[in-house]
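>>> quick one, what's the 3D model for this:
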Amino acid sequence: MEIVSVNLGERKEIDWKGKKVTTGIFKYTVDTPIFLDIEEVRKDVICDREHHGGVDQAVYAYSIKHYTYFKDLYPDLNWEMGMFGENLTMSDLEETKIHVGDVYKVGEVILEVTKPRQPCMKLGVRFNNMKVVKEFWNTTMSGVYFKVLQTGFVKKGDMFELVQSDESQPTIADIYTEKRKQKA
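Residues are numbered from 1 along each chain as shown. Below is the predicted model:
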């Protein structure tokens, strides 16, 4: 897996159907390395600390391959890296093959897989259509949250090297599918 893009977001207040929404989901690509810290990506704004950031959700990664599915559903959007609120856009992140507890070395950093992302209404705000939340739930393309075991910089082009894996642990897709069943 290779990092295709590193992305940061700023605090953004928007009017969503008459209600003020503050979010950091509008990420943009940066050309410089980004620092992955213990509870967050430095210089990336997190507006909802209850549901984002923290030790088990310090970094969010999403696969560029998943973009195709959603581009077909939303062809008129201005598609950019970071569209799903991810810090790292990856070449080939496959949730059906990545297990909880897998450890990767990338750049100066060591990351541990923790959980899938559960979509919230802010994804709908980003897409300007709440239907995307349900469409996101109805796939296994959740993206992956990571815990930072060793802090440091990563950049576009850095490769993820699998250091440790325990295939007896559930995959990210398994956990995501179970959460979806619980929500139903």
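
>>> show me the contact partners of the helix ranked longest in the chain.
The single longest helix within the chain, with elements called by DSSP state H, is helix 172-183. For helix 172-183, contacts defined as Cβ atoms under 8 Å, 6 or more residues apart in numbering pick out 95-96, 98-100, 113, 115-116, 118, 137-138, 140, 142, 144. No exception for glycine: its C-beta is placed from N, CA and C like everyone else's.

>>> of those residues, which belong to strands?
Among the contacts of helix 172-183, DSSP state E puts 113, 115-116, 144 in strands.

>>> follow-up on the earlier one: buried stuff in the longest helix of the chain?
Neighbour counts over helix 172-183 (16 or more other Cβ atoms under 10 Å) mark 172-177, 180 as buried.

>>> which of the contacts of helix 172-183 sits closest to Tyr74?
Asn138 (14.8 Å; Cβ to Cβ).

>>> for the closest one, grab phi and psi.
phi -80, psi 20 (degrees, to the nearest 10).

>>> list the contacts of Asp158.
Counted by Cβ under 8 Å, 6+ apart, Asp158 has contacts 2-3, 106-107.

>>> as CSV, these with pLDDT, distance to Phe70 and secondary structure would be great.
Converted to CSV, the contacts of Asp158 look like this (pLDDT from 0 to 100; distance: Cβ to Cβ, whole Å; DSSP: H, G, I helix; E, B strand; the rest coil):
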residue, pLDDT, distance to Phe70, secondary structure
Glu2, 97, 21, strand
Ile3, 98, 20, strand
Val106, 97, 25, strand
Gly107, 93, 27, coil
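
>>> show me where the protein has strands.
3-9, 12-16, 19-23, 27-30, 34-36, 59-63, 88-90, 103-106, 109-116, 144-150, 152-154, 161-164.

>>> quick one on the thing from earlier: drop anything exposed from the contacts of Asp158.
For these, buried by 16+ other Cβ under 10 Å: 3, 106-107.

>>> can you put the residues you listed in TSV and add distance to Lys19?
Formatted as TSV, the buried ones among the contacts of Asp158 follow (distance: Cβ to Cβ, whole Å):
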residue	distance to Lys19
Ile3	35
Val106	38
Gly107	39
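
>>> return the member of the residues you listed nearest to Leu149.
Val106 (11.4 Å).

>>> who's that closest one bridged to?
Val109 (DSSP bridges).

>>> cool, Lys147 as well?
Assigned bridge partners for Lys147, using DSSP bridges, are Glu112.

>>> offset the numbering so it begins at 23, please.
Sure thing, new numbering starts at 23, so read that last one as Lys169.

>>> my guess is it contacts Leu133, does it?
Yes - using Cβ atoms under 8 Å, Lys169 is in contact with Leu133, at 6.9 Å.
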